[in-house]
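Colleague: Build the 3D model from these lines:
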Amino acid sequence: MQKNSKSKFTKDRFIIDTSALISLGLIEMIEPVLSIAEIVVPKGVIGELEDFTRYEDRLGRIAKKILTYQENFIIEEVRLKENIRYLDPVDNECYNLARDKELPLITDDLKAIKRIGDKILTYYSTFFLITLFLLSLLNYDDVLELIEKLRTERNWRENVIYTETKQEIIKNAPD
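Modeller: Numbers count the residues shown, from 1 in each chain. Next up is the predicted model:
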């Protein structure tokens, strides 16, 4: 977050893809994220979430809940200027939007990060857990519980998202 001359905080903007929104929705963190950041999504992300809602499974229920917040999202029409090979169309929308707006992309898609991570700034969805923790909006025990829930629910095991996030939380643990 940035501070302006009137000592009020302005919310930073982030492009957030479907995978990251699902992760944040899984742990019911959309509203806390909206309290500290502006969520920008291409129309394709809304379409993917709507596709999930057709199913009465866990992901369908999460997508429905996320879509209840869409009036708080900045939804952008995207014109593809660059098509990254092997990325699906919505990931290409997210990439182009992030590049054009010069905003970080929040994604939990490790394959996408490998293809675009050297072209734009990327973070995992857990960036917000760390930020909320550092702002004292989440306490240490709660943030650890949330990362463990994500690990289990997203089947992350010991992947890079889980290990890097847990290390960062522990590094900033209260004494």
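Colleague: and Ile75, that's in a strand?
Modeller: Yes. When DSSP: H, G, I helix; E, B strand; the rest coil is applied, Ile75 is found to be in a strand.
Colleague: From Gly47, how far off is it?
Modeller: Distance from Ile75 to Gly47, counting by CB to CB, to the nearest Å: 11 Å. C-beta here means a position set from N, CA and C on the backbone, and glycine is covered the same way.
Colleague: go on, Thr131?
Modeller: For Thr131, the distance to Gly47 - CB to CB - is 28 Å.
Colleague: Those two - which one has more neighbours?
Modeller: Neighbours were counted for Thr131 and for Gly47 using other CB atoms under 10 Å; Thr131 has more, 18 against 14.
Colleague: Point me to the helix or strand that includes that one.
Modeller: Assessed by DSSP states H and E, Thr131 sits inside helix 127-134.
Colleague: Determine the number of other residues adjacent to Arg157.
Modeller: When neighbours are defined as other CB under 10 Å, Arg157 has 9 of them.
Colleague: Can you give me the distance of it to Asp142?
Modeller: Computed with CB to CB, the distance linking Arg157 and Asp142 is 22 Å.
Colleague: what about the helix holding Thr131, distance to the chain center?
Modeller: 12 Å (CA atoms, centre = their mean, to the nearest Å).
Colleague: Which helix or strand lies directly C-terminal to it?
Modeller: For helix 127-134, the succeeding helix or strand toward the C-terminus, using DSSP H and E, is helix 140-153.
Colleague: elements contacting that following helix?
Modeller: Counting contacts by 3 or more CB pairs under 8 Å, 6 or more residues apart in numbering; DSSP states H and E, helix 140-153 is packed against helix 18-26, helix 127-134, helix 160-171.
Colleague: May I see the buried residues of it?
Modeller: Buried positions in helix 140-153, judged by neighbour count with 16 or more other CB atoms under 10 Å: 143-144, 146-147, 150-151.
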